[in-house]
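Enquirer: Any chance you can model this:
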Amino acid sequence: MAKSCYPDFTFGRGAPANATPSRFNLKQRTADGDWLDDRADIDGNAAPLKTVVTIERPKSILARNTSPDIPFDQSINPYRGCEHGCVYCYARPSHAFHDLSPGLDFESRLFAKPDAAKLLRQTLAKKGHIPTPIAFGTNTDAYQPIESEWRIMRQCLEVLAETGHPLTITTKSDRIIRDLDLLAPMAAKGLVAVAVSVTMLDPVLHRQLEPRAPRQEKRLAAIKALAAAGIPTHVNVAPIIPAINDHEIEAILERAAEAGAKTASWIPIRLPHEVAPLFQQWLDVHYPDRASKVMSIIRSIREGRDNDPGFFSRMRGSGPWADLIRTRFKIAARKYGLNQHGIKLRSDLFVPPSLDGQMTLF
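Expert: Below you'll find the model as predicted:
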């Protein structure tokens, strides 16, 4: 299908369209003169799609997790939406709660939480807080481009470094190395581990699939810098998309191991709610020759569905294709010396802060 079949298609963005969420019976968008309906036949040349950031002031910052297949029980997301624009992002449907599209809105209409560090300090100061690792980057990337200006992630790191609180970070951005001055001393105390997502090595696929995320060579350089600083570093080869990037599994693991990663994992592509039609549209735009094949294999991994929301199975997949990928990954990881030892973080160094910014004595 040609690009012209998706009038919202914007080069440099991930989603081919600004699909209207349907789960909440929201009204379909109508032409109102904004960038969503700025068409050459109406308004002349379309205006460039700009990123807009809205301040969000939540009352709390820690999100609690009870899912049995996720290895953390508390997380922080400094931002909603993500400018990286990865079309497969399973967090896209969360934008529908704001009456925004999981499509282009998700990657261009963002929310920042400038009070995150203040709220974090208040949470850590509460009596009875249990210092299990706080996970960052579990929904949207804390090191997406706007972090360079807002520095919310860094402010949270400062609080965690001050209190000796453990954390984990998942990112696909080399911007993380700007915080090595905080991360390296914390790693020396056993307080932090980082997972860097490396989805592919092909630069053409990168521009199509993750248009505003740092290119793969920068991510591998980040792994090298993190490892050299003594920070336990994991490579996350995710998502694996059959017939799109699965042929690069072995090469990615080899490069990541050479850079200094010690552990590795993979997840098959997940297509919850509005992500499924967005991804199929993306296939129609970029890979029309194999779109039906890709979806057929994905459904074979997901027991005939576009998506499997079941605990544990959603992270693993099932059937011959999933078994083949799992076997290939295990063999390659062993070959390159990955996953020989796990990563454990300390929680016994935590000292609650006082709300005036000073550490308590007792």
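
Enquirer: The protein: helices as residue ranges?
Expert: 40-43, 104-108, 116-125, 147-150, 152-163, 180-188, 203-209, 216-228, 249-259, 275-286, 291-301, 313-316, 320-335 (DSSP state H).

Enquirer: can you redo those helices as a markdown table with distance to residue 73?
Expert: Where you see a C-beta, it was placed from the backbone N, CA and C, and this is true even at glycine. Formatted as a markdown table, the helices of the chain follow (distance: least, C-beta to C-beta, whole Å):
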| stretch | distance to residue 73 |
| --- | --- |
| helix 40-43 | 50 |
| helix 104-108 | 26 |
| helix 116-125 | 14 |
| helix 147-150 | 24 |
| helix 152-163 | 16 |
| helix 180-188 | 20 |
| helix 203-209 | 31 |
| helix 216-228 | 24 |
| helix 249-259 | 27 |
| helix 275-286 | 25 |
| helix 291-301 | 28 |
| helix 313-316 | 17 |
| helix 320-335 | 26 |
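
Enquirer: Can you say which of those is packed in most?
Expert: helix 104-108 (a mean of 26; mean count of other C-beta atoms under 10 Å).

Enquirer: Quick one: distance of it to the chain centre.
Expert: 14 Å (C-alpha atoms, centre = their mean, to the nearest Å).

Enquirer: One more: stretch 128-137?
Expert: With C-alpha atoms, centre = their mean, you get 19 Å for stretch 128-137.

Enquirer: repeat for stretch 275-294
Expert: 21 Å.

Enquirer: can you dump the C-alpha coordinates of that stretch into PDB?
Expert: Presented in PDB, the C-alpha positions along stretch 275-294 are these (Å, rounded to 0.1, in the frame of the first residue of the first chain):
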ATOM      1  CA  VAL A 275      -0.800  -0.900  18.500                       C
ATOM      2  CA  ALA A 276      -2.000  -3.800  16.300                       C
ATOM      3  CA  PRO A 277      -3.700  -1.700  13.600                       C
ATOM      4  CA  LEU A 278      -0.900   0.900  13.800                       C
ATOM      5  CA  PHE A 279       1.800  -1.800  13.200                       C
ATOM      6  CA  GLN A 280      -0.200  -3.300  10.300                       C
ATOM      7  CA  GLN A 281      -0.400   0.200   8.700                       C
ATOM      8  CA  TRP A 282       3.400   0.500   9.300                       C
ATOM      9  CA  LEU A 283       3.900  -2.800   7.400                       C
ATOM     10  CA  ASP A 284       1.700  -1.600   4.600                       C
ATOM     11  CA  VAL A 285       3.800   1.600   4.200                       C
ATOM     12  CA  HIS A 286       7.300   0.100   4.600                       C
ATOM     13  CA  TYR A 287       7.100  -3.600   3.800                       C
ATOM     14  CA  PRO A 288       4.000  -4.300   1.700                       C
ATOM     15  CA  ASP A 289       5.700  -7.200   0.100                       C
ATOM     16  CA  ARG A 290       5.800  -9.200   3.300                       C
ATOM     17  CA  ALA A 291       3.100  -7.600   5.500                       C
ATOM     18  CA  SER A 292       0.800 -10.600   5.400                       C
ATOM     19  CA  LYS A 293       3.700 -13.000   6.100                       C
ATOM     20  CA  VAL A 294       4.800 -11.000   9.100                       C
END
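
Enquirer: mean confidence for that stretch?
Expert: Averaged over stretch 275-294, pLDDT sits at 96.

Enquirer: rewinding a little: lowest average confidence across the helices of the chain, which one?
Expert: helix 40-43 (a mean of 49).

Enquirer: hmm, back to that, which one of the helices of the chain lies closest to residue 77?
Expert: helix 116-125 (8.8 Å; C-beta to C-beta).

Enquirer: Show me what that closest one is packed against.
Expert: Helix 116-125 sits against helix 152-163, with contacts defined as 3 or more C-beta pairs under 8 Å, 6 or more residues apart in numbering; DSSP states H and E.
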